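> Following is a predicted model, sequence given first.
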Amino acid sequence: ALSQFGDTSVTNNGTISAYSYGAGAAGIVAASSYNDVTVANNGSIEAEALGSAYGMLAISQYGDSSIANDGSISASAYNGDAYGILALAQYGDISISNGSAGTIEAVSYNGNAYGINAQSFSGDITVDNAGSIEAYAYGDAYGIAASTAYGDISIDNSGGSVVAYSYSGAAIGINAQTPFGDISIDNSGTIEANGYNGIGIGIYASSQAGDITINSTGGSITAYSQYSTAVGIAASSYSGDVGIGSGSAITVTTYDGDAIGIFAQSAYGEITVANSGDVAVETYYGDAYGIQASGQYDVSVSGGGDISATTTYGIALGIYAYTVSGDLDIDVSGNIGVTSYDGLAYGIFAYNIYGDTTVSSSGEITADNSYGSVRGISAASVFGDAEVGNEGDITVQTLQGSAIGIDVNSVFSSVSVTNSGDI
């Protein structure tokens, strides 16, 4: 369905099957040059092609695009990319919803797969999922992908499930990127990202100048990679603030790469991480970080969730926080366990250059190692104050290396330690 100057509206309540063995195939195509596009599916859509396959394709240059799915969508591509839903807009906004009864599956055998892919140049993007989204690919696989140059992005996985699996490329459950806009992601469902030979990331958000807010209030996030990095939640902004709140159970596993539960980074914005869920990360040859937060200005890490970081031939850090010129504040009450066979093992590692470093911990901290140094809590600042208050028990042990329960250092300012736990 195509209109140049008018609105375009398509509703499917039946069954649509599109097959092509020489080029691409699309179940529904709706486009308008200057007005709005509305597409709704309550039935069944199947698109299978030798080239690229599209379950639902909506294109608008100047108008807005609205897509709703409460049925089933399947897109399979053999030598091209597969899109369950693809929405493109030049200047308009994009809104996509997958209801609780909606199922979306995208499979590509030699290309990339997208459950939902929304792209706009200057418009805002909103994606809501309460159903099931699955993307399987030999190349990159994305459950939900959203990108806009100048607009804002809002994604809500409200009790739904998102699965992304890739054999040779990246697997990302939710991927949101904008150079200049803000990003907001909410999750209360389940997210699985499995990048066998590539990276596996549950939630990824990136902005150059905008703020990023991620709230994962429940459910679970699982990230896996056999030969690359795996991350549960990752957010990075160059000049905007980054805030991550997680109450989800996060499990990250990799064999030959770094394993990171929560990653927050901003070059010139403030960073806030609040974790109340359990985080477990494990790798064999890489480094293991339960929470990693780094930036130029203020960095804050808090929460009561338990953290476990395990590696064999790398560094194991339960919480790693770093800043250059702002204050660094860590206030946690959960248990932290770190294990490394042949690398550093630190329960909490907080390092600052010019600002003050403050660490408060009331949970149990255990650091085990065989051939490296171990620390329960390590807090340092070069020019600022370094302060540690500990109320929990700390156990550190190693066969060959230094073992220190609480290590506090400042080169040019004062240090303070208050302890009421057993060490």
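Done, it's in.
> Where does pLDDT dip in the stretch 201-350 of the chain?
Applying pLDDT under 70 to the stretch 201-350 of the chain flags no residue at all.
> what's across from residue 275 in the sheet?
For residue 275, the beta-bridge partners are residue 246 (DSSP bridges).
> who's in contact with it?
If you count contacts by Cβ atoms under 8 Å, 6 or more residues apart in numbering, residue 275 has them with 244-247, 262, 291, 301-303, 305, 307, 332, 334. For every residue, glycine as well, the C-beta is placed using N, CA and C.
> got a winner among these for most neighbours?
The member of the contacts of residue 275 surrounded by the most neighbours (other Cβ atoms under 10 Å) is residue 262, with 35 neighbours in all.
> tell me which element residue 73 is part of?
strand 72-77 (DSSP states H and E).
> Reformat the contacts of residue 275 as JSON lines; add distance to residue 167 and secondary structure.
Shown next, in JSON lines, are the contacts of residue 275 (distance: Cβ to Cβ, whole Å; DSSP: H, G, I helix; E, B strand; the rest coil):
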{"residue": "244", "distance to residue 167": "29", "secondary structure": "strand"}
{"residue": "245", "distance to residue 167": "33", "secondary structure": "strand"}
{"residue": "246", "distance to residue 167": "28", "secondary structure": "strand"}
{"residue": "247", "distance to residue 167": "32", "secondary structure": "coil"}
{"residue": "262", "distance to residue 167": "26", "secondary structure": "strand"}
{"residue": "291", "distance to residue 167": "29", "secondary structure": "strand"}
{"residue": "301", "distance to residue 167": "35", "secondary structure": "strand"}
{"residue": "302", "distance to residue 167": "38", "secondary structure": "strand"}
{"residue": "303", "distance to residue 167": "35", "secondary structure": "strand"}
{"residue": "305", "distance to residue 167": "32", "secondary structure": "coil"}
{"residue": "307", "distance to residue 167": "30", "secondary structure": "strand"}
{"residue": "332", "distance to residue 167": "37", "secondary structure": "strand"}
{"residue": "334", "distance to residue 167": "35", "secondary structure": "coil"}
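> Tell me the one of those residues nearest residue 158?
Among the contacts of residue 275, residue 247 lies closest to residue 158 (Cβ to Cβ), at 14.6 Å.
> Spit out the contact partners of the closest one.
216, 217, 218, 275, 276, 277, 305 are the contacts of residue 247 under Cβ under 8 Å, 6+ apart.
> Using CSV, lay out the contacts of residue 275 together with distance to residue 25.
Shown next, in CSV, are those (distance: Cβ to Cβ, whole Å):
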residue, distance to residue 25
244, 40
245, 42
246, 40
247, 41
262, 40
291, 44
301, 48
302, 50
303, 47
305, 46
307, 47
332, 52
334, 50
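> which phi and psi does the residue nearest the centre of the chain have?
Nearest to the mean C-alpha position of the chain, counting by Cα atoms, centre = their mean, stands residue 203 at 2.0 Å. Residue 203 has phi and psi values of phi -130, psi 130 when expressed as degrees, to the nearest 10.
> Which strand residues bridge it?
For residue 203, the beta-bridge partners are residue 174, residue 233 (DSSP bridges).
> on that earlier part again, just the buried members of the contacts of residue 247?
By neighbour count, with 16 or more other Cβ atoms under 10 Å, the contacts of residue 247 hold 216, 275, 277, 305 as buried.
> for those, which one is nearest residue 366?
Closest to residue 366, out of all of the buried ones among the contacts of residue 247 and judged by Cβ to Cβ, is residue 305, at 15.7 Å.
> Is that closest one in contact with residue 276, as I believe?
Yes: Residue 305 lies in contact with residue 276 (Cβ atoms under 8 Å); the separation is 5.0 Å.
> got the contact list for residue 198?
Applying Cβ under 8 Å, 6+ apart, the residues contacting residue 198 are 140, 166, 168, 169, 170, 171, 225, 228.
> switch the cut-off to 10 Å
In this structure, residue 198 makes contact with 139-141, 166-172, 225-230, 257, judged by Cβ atoms under 10 Å, 6 or more residues apart in numbering.
> Relative to residue 148, how far out is it?
24 Å (Cβ to Cβ, to the nearest Å).
> measure residue 307 to residue 347 for me?
In terms of Cβ to Cβ, residue 307 sits 8 Å off from residue 347.
> For those two, list the residues in contact with both.
Taking Cβ under 10 Å, 6+ apart as the contact rule, residue 307 and residue 347 both touch 290, 317, 318, 319, 332, 335, 336, 337, 338, 363, 365.
> number of nearby residues for the third one?
Just to be clear, that refers to residue 318. Neighbours of residue 318 under the rule other Cβ under 10 Å: 33.
> how much space between it and residue 99?
Per Cβ to Cβ, residue 318 is found 39 Å from residue 99.
> Over to the last one?
When Cβ to Cβ is applied, the distance between residue 365 and residue 99 equals 45 Å.
> So between the two, which is more surrounded?
residue 365 (30 against 17).
> Surely the more buried one touches residue 375?
Yes: with contact defined as Cβ atoms under 10 Å, residue 365 counts as touching residue 375 (9.2 Å).
> so what sits against both of these two?
338, 346, 347, 348, 394, 396, 405, 406.
> would you turn those into TSV with neighbour count?
Below are the shared contacts of residue 365 and residue 375 laid out as TSV (neighbours: other Cβ atoms under 10 Å):
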residue	neighbour count
338	33
346	28
347	33
348	31
394	24
396	25
405	20
406	24
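> Out of these, which comes closest to residue 78?
residue 338 (45.4 Å).
> Skipping its backbone neighbours, what lies nearest the closest one in space?
Excluding the flanking residues, the one nearest residue 338 by Cβ to Cβ, 6 or more residues apart in numbering is residue 316, at 4.2 Å.
> ok, that neighbour - contacts?
Counting by Cβ under 10 Å, 6+ apart, the residues that residue 316 touches are 259, 281-283, 287-290, 308-310, 337-341, 343-347, 367-369, 372, 374.
> are any of those residues buried, and which?
By 16+ other Cβ under 10 Å, the contacts of residue 316 give 259, 281-283, 287-290, 308-310, 337-341, 343-347, 367-369, 372, 374 as buried.
> Tell me if I'm right that residue 253 and residue 224 touch.
Yes: taking Cβ under 10 Å as the definition, residue 253 is a contact partner of residue 224 at 5.1 Å.
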